[in-house]
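Undergrad: Give the three-dimensional model of this entry:
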Amino acid sequence: MAKTKSKRIFYLDALRAVAILTVIAVHVYAVTRVQVMADFATGPSLRWLFSQFTGNNLRIGVDLFLMLAGALSLGREWSIKEFLGKRIPRIVEPFVFWGLLTGAIAIIISYYFGYKFIFAFDINSILHFFYGVFMSKAPGFSPYWFFWMILGTYLIMPIFNKWLLHSELEEAEYFLVFWLITALFDFTLNIDFPIKLNYFVSPIGLVVAGYYLRHTKRKLLNNPYFALALTLLSAILIMVIVTYFSTPTKFHTINRYSLPITLEVIGVFLLFKNFNKFGLNLGFIKNENSLFRRFTSLVAKYSYGIYLIQGLFLCIYLKILPSVEYFSYWIIFFLLVVFSSMVTMYLFSKVKYVNRFIGAK
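TA: Below is the predicted model:
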């Protein structure tokens, strides 16, 4: 029997892969940046600039996940029951599974190897620790805030889907204009806009933007050179802002919902969408069976599960990796977390009855 051709859209898979890899990169930045903080005093060094690039310019992962949620789900015929019945278990089951399993592993590591995920082993302490795991308060589990954010986003998406299903794209543009205003005032300038625009605030703005950018026919937004320019210019702007506001004792971090990050993530989304229009003859991208495309699709498939387990690996490697030259340390750290997470997801995907809970899509 012939295999059914996959309905997956490669540029969306590629964006999902970029999203999870940038999330890991930002988390590695968070635990390695202290090594380069003093470099700012003598004029930002190359490694200081690299650290801040990974910590701010790559702060697009969560934004991309939200855009992909909108691009893949909005503007389609589905009922609230159908949507929630399908989407909610797909995020809840892996969250509970990995939270229980990695939480238990963290307790075992603490008990036998002295790594202090937990400081006592009585029943009350263990229950309090698991509460901290699921509430994203326990060491190594702070990334779990993403679950609660995406859950709230999914709960409101049926309302936006009904609106977009019966609207023209120009009406989505109306919404997005006010969303960009909130990105500028609320998350960039950190001042209140005189008009209260709470209904337009991120993350739902990113969800609507993902739907709009996927379907828009506007020539400018389908021009790959515009997408490249928007990505590069916003990246430069981010680095200028970061450098200007940083000090020898403080790194400046840009909010993920700020206007510069928003413009960068829009540029990245459009760049991937329109990349084929550059006319580059890149066989490893065009060939559906190439190692690059298969690996990219695999990372995309496991992205949610990777998100839920990479924090534990991050803490473990932070404890056991010897301190070496910064660039080598960062690269080794990053590759180990990616490799460990990928292998774990792959192995669990082969376990019958368990594979449905791990977060593979």
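Undergrad: Show me what the host helix or strand of Trp98 is packed against.
TA: Trp98 belongs to helix 80-113 when assigned by DSSP states H and E. Here helix 80-113 touches helix 123-134, helix 145-165, helix 291-320, going by 3 or more C-beta pairs under 8 Å, 6 or more residues apart in numbering; DSSP states H and E. C-beta here means a position set from N, CA and C on the backbone, and glycine is covered the same way.
Undergrad: ok now it, how far from the chain's centre?
TA: 18 Å (C-alpha atoms, centre = their mean, to the nearest Å).
Undergrad: Including mean neighbour count, could the helices and strands packed on helix 80-113 go into a markdown table?
TA: As requested, the helices and strands packed on helix 80-113 are exported to a markdown table (neighbours: other C-beta atoms under 10 Å):
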| stretch | mean neighbour count |
| --- | --- |
| helix 123-134 | 15 |
| helix 145-165 | 17 |
| helix 291-320 | 20 |
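Undergrad: now these in a markdown table, with mean pLDDT and distance to Ser341?
TA: Output for the helices and strands packed on helix 80-113, formatted as a markdown table (pLDDT from 0 to 100; distance: least, C-beta to C-beta, whole Å):
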| stretch | mean pLDDT | distance to Ser341 |
| --- | --- | --- |
| helix 123-134 | 92 | 17 |
| helix 145-165 | 92 | 15 |
| helix 291-320 | 92 | 4 |
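Undergrad: Tell me which of the ones you listed lies nearest to Phe83.
TA: When the helices and strands packed on helix 80-113 are compared by C-beta to C-beta, helix 145-165 sits nearest Phe83, at 5.6 Å.
Undergrad: tell me which residues in the helix or strand just after that closest one are buried?
TA: From helix 145-165 onward toward the C-terminus, using DSSP H and E, the following helix or strand is helix 169-184. Buried residues in helix 169-184, counting neighbours by 16 or more other C-beta atoms under 10 Å, are found at Ala172, Phe175, Leu176, Phe178, Trp179, Leu180, Ile181, Thr182, Ala183, Leu184.
Undergrad: what's the angle from helix 169-184 to helix 145-165?
TA: Using axes from the mean of the first three to the mean of the last three C-alpha atoms, to 10 degrees, the inter-axis angle of helix 169-184 relative to helix 145-165 is 150 degrees.
Undergrad: Let me know the average pLDDT across helix 169-184.
TA: Helix 169-184 shows a mean pLDDT of 90.
Undergrad: Stretch 201-212 too?
TA: On average, stretch 201-212 scores 91.
Undergrad: before we move on, what about stretch 332-346?
TA: 95.
Undergrad: Low-confidence stretches in the stretch 1-150 of the chain?
TA: 1-6 (pLDDT under 70).
Undergrad: nearest to Tyr111, of the buried residues of helix 169-184?
TA: Of the buried residues of helix 169-184, the one sitting nearest to Tyr111 (C-beta to C-beta) turns out to be Ala183, at 45.4 Å.
Undergrad: wait, the closest one sits on Pro203?
TA: No - if you go by C-beta atoms under 8 Å, Ala183 and Pro203 don't touch, sitting 11.1 Å apart.
Undergrad: Find residues that contact each of the two.
TA: Tyr257 (C-beta atoms under 8 Å, 6 or more residues apart in numbering).
Undergrad: picking that back up, minimum distance to Leu12: which of the helices and strands packed on helix 80-113 has it?
TA: Closest among the helices and strands packed on helix 80-113, using C-beta to C-beta: helix 291-320, at 8.0 Å.
Undergrad: now for that closest one, which elements pack on it?
TA: Packing contacts for helix 291-320, counted by 3+ C-beta pairs under 8 Å, 6+ apart, involve helix 10-32, helix 80-113, helix 283-286, helix 326-349.
Undergrad: tell me which residues of the first one are tucked away?
TA: To tie it back to what came earlier, the one meant is helix 10-32. Here helix 10-32 shows 10-29, 32 as buried, counting by 16+ other C-beta under 10 Å.
Undergrad: ditto for the last one
TA: Taking 16+ other C-beta under 10 Å as the neighbour-count basis, helix 326-349 is seen to contain the buried residues 326, 329-330, 333-334, 336-338, 340-342, 344-345, 348-349.
Undergrad: what's the angle between it and helix 291-320?
TA: Using the same axes, to 10 degrees: helix 326-349 against helix 291-320 is 110 degrees.
Undergrad: hmm, who's touching helix 326-349?
TA: 21, 24-25, 27-29, 31-32, 35-36, 47, 50-51, 54, 298-299, 302, 305-306, 309-310, 313-314, 317-318, 321, 323-324, 354-355, 358-360.
Undergrad: on that earlier part again, can you tell me which of the buried residues of helix 169-184 lies nearest to Asp63?
TA: Of the buried residues of helix 169-184, the one sitting nearest to Asp63 (C-beta to C-beta) turns out to be Ala183, at 10.4 Å.
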